[in-house]
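Trainee: can you look at this prediction? I've put the sequence above it.
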Amino acid sequence: MQNSEEDITIKEYLQILKDSSPYDFSEYSDNSIYRRIHKVMRDYRLSLNELVAKTKSDQEFVEQIVEAVTVNTTELFRDPSVWVYILQKLLPQFKNNPNINIWHAGCSSGQEVYSNLILLDHLGLLKQSTVYATDISQKVLDQAKKGVYKYRFNLNYIENFNQVLGVNEPKVDFSKYFDINESEDRIVVKDFLRTLPKFMKHDLVQEKLPFYNKFDIIFCRNVLIYFNSGLQSRIIQRFHDNLFPGGSMILGTHEAITGFFKTKFVKNGPVYLKSNVFHFKY
Ligand SMILES: C[S@@+](CC[C@H](N)C(=O)[O-])C[C@H]1O[C@@H](n2cnc3c(N)ncnc32)[C@H](O)[C@@H]1O
């Protein structure tokens, strides 16, 4: 626990970071961002004053701060029951749509994006789908584009895959979508999937979006949990604005919309459907 004097100092640092770089972490939830800035200071052996000086003078270092303060944990078919719902209930509704626009906001190293593409392929919906995937961190986007993951560390990917796609006959084999190289300890996404998503760097805190499309589905799982409630509300409002009527928003299993937004979405299983009852600008 930090004392309040330190809290104020980190708060001031976040303001300096905001003024001297494109990044604004001032509305990330206090405990997590403060802990991470302290870790940066320890790892780089910098006092707060030295951190301020380096932040103002070294843009590459600022990018390292972005990597250090963001949490990139993800996995293939994370929370398998959510993906079973997406496979059985959500995606089949799009089978007569000529186009399906999907945005993964905060996609990390791409496992969630490939999970979705696998289900679209399984349902024969890949051709009409356009999948955008964005993250604030260039490092994770580069990993996502490569589609190469550790094998032994991620054996649960195969378990999750089988839980989602092994529920129906005929069973689908993991090797349809991935090459496994045990000797090099790698799982590699096959090219026909890997080349499909449009990965882009984008900061959800910024108003401007990198595309003009509206979306049928927006995934933003395990991202809002790191933001304070004011920032969460602004981003959910933006998702609402950028969904087609009846479009779906999918959050993490520990995230929920509260208060006013309950009138703007209807919850079906793990999916929030856009309702058009009210329109409110933040
Ligand atoms: C815990 S991961 C979640 C990954 C994936 N959605 C999942 O649920 O498995 C959170 C991701 O959000 C990204 N992120 C954090 N702040 C962001 C922001 N302001 N704009 C865009 N992405 C952000 C992080 O870089 C990280 O990759």
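Mentor: Looks like it arrived, so ask away.

Trainee: in three-state terms, label the residue lying closest to Pro22 once chain neighbours are set aside for me.
Mentor: Closest residue in space to Pro22, ignoring its immediate chain neighbours: Asp203 at 7.0 Å, by C-beta to C-beta, 6 or more residues apart in numbering. Backbone N, C-alpha and C define where each C-beta goes, glycine included. Following DSSP: H, G, I helix; E, B strand; the rest coil, Asp203 is assigned to coil.

Trainee: for Asp203, what are its contacts?
Mentor: Contact analysis of Asp203 by C-beta atoms under 8 Å, 6 or more residues apart in numbering lists 22-23, 136.

Trainee: so what does it look like in phi/psi?
Mentor: phi -100, psi 120 (degrees, to the nearest 10).

Trainee: next: His104.
Mentor: With angles defined as degrees, to the nearest 10, His104 sits at phi -100, psi 110.

Trainee: check which helix or strand the closest residue to it other than its chain neighbours maps to.
Mentor: Among residues not flanking His104 along the chain, Ala133 sits closest, at 4.2 Å (C-beta to C-beta, 6+ apart). Element membership of Ala133, judged by DSSP states H and E, is strand 129-135.

Trainee: which residue comes closest to the residue nearest to the spatial centre of the chain once chain neighbours are left out?
Mentor: The centre of the chain sits closest to Gly106, judged by C-alpha atoms, centre = their mean, with a distance of 2.4 Å. Of all residues beyond its chain neighbours, the one nearest Gly106 is Val223 (3.4 Å), with distances taken as C-beta to C-beta, 6+ apart.

Trainee: please apply the same query to Asn213.
Mentor: Asn101 (5.1 Å).

Trainee: which residues sit in contact with the one you found?
Mentor: Applying C-beta under 8 Å, 6+ apart to Asn101 gives the contacts 129-130, 132, 213-217.

Trainee: mark which of the residues you listed are buried, thanks.
Mentor: 129-130, 132, 215-217 (16 or more other C-beta atoms under 10 Å).

Trainee: now, which of those sits nearest Asp191?
Mentor: Minimum distance to Asp191 across the buried ones among the contacts of Asn101 is 16.9 Å, recorded for Ser129 (C-beta to C-beta).

Trainee: any idea how far Leu120 is from the residue nearest to the closest one when sequence neighbours are not counted?
Mentor: Distances taken as C-beta to C-beta, 6+ apart place Ile100 nearest to Ser129, at 4.4 Å, with adjacent residues excluded. Here Ile100 is placed at a distance of 8 Å from Leu120 (C-beta to C-beta, to the nearest Å).

Trainee: over to Glu255?
Mentor: 23 Å.

Trainee: who has more neighbours, those two?
Mentor: Between Glu255 and Leu120, counting by other C-beta atoms under 10 Å, Leu120 is the more crowded of the two (23 against 14).

Trainee: which SS class is the more buried one?
Mentor: Assigned with three-state DSSP, Leu120 falls in the helix class.

Trainee: test my guess that it contacts Leu126.
Mentor: Yes - here Leu120 reaches Leu126: they are 4.8 Å apart, a contact under C-beta atoms under 8 Å.

Trainee: in what helix or strand does the residue nearest to Pro80 when sequence neighbours are not counted lie?
Mentor: Nearest residue to Pro80, sequence neighbours excluded (C-beta to C-beta, 6+ apart): Gln163, at 4.0 Å. Element membership for Gln163, per DSSP H and E: helix 156-165.
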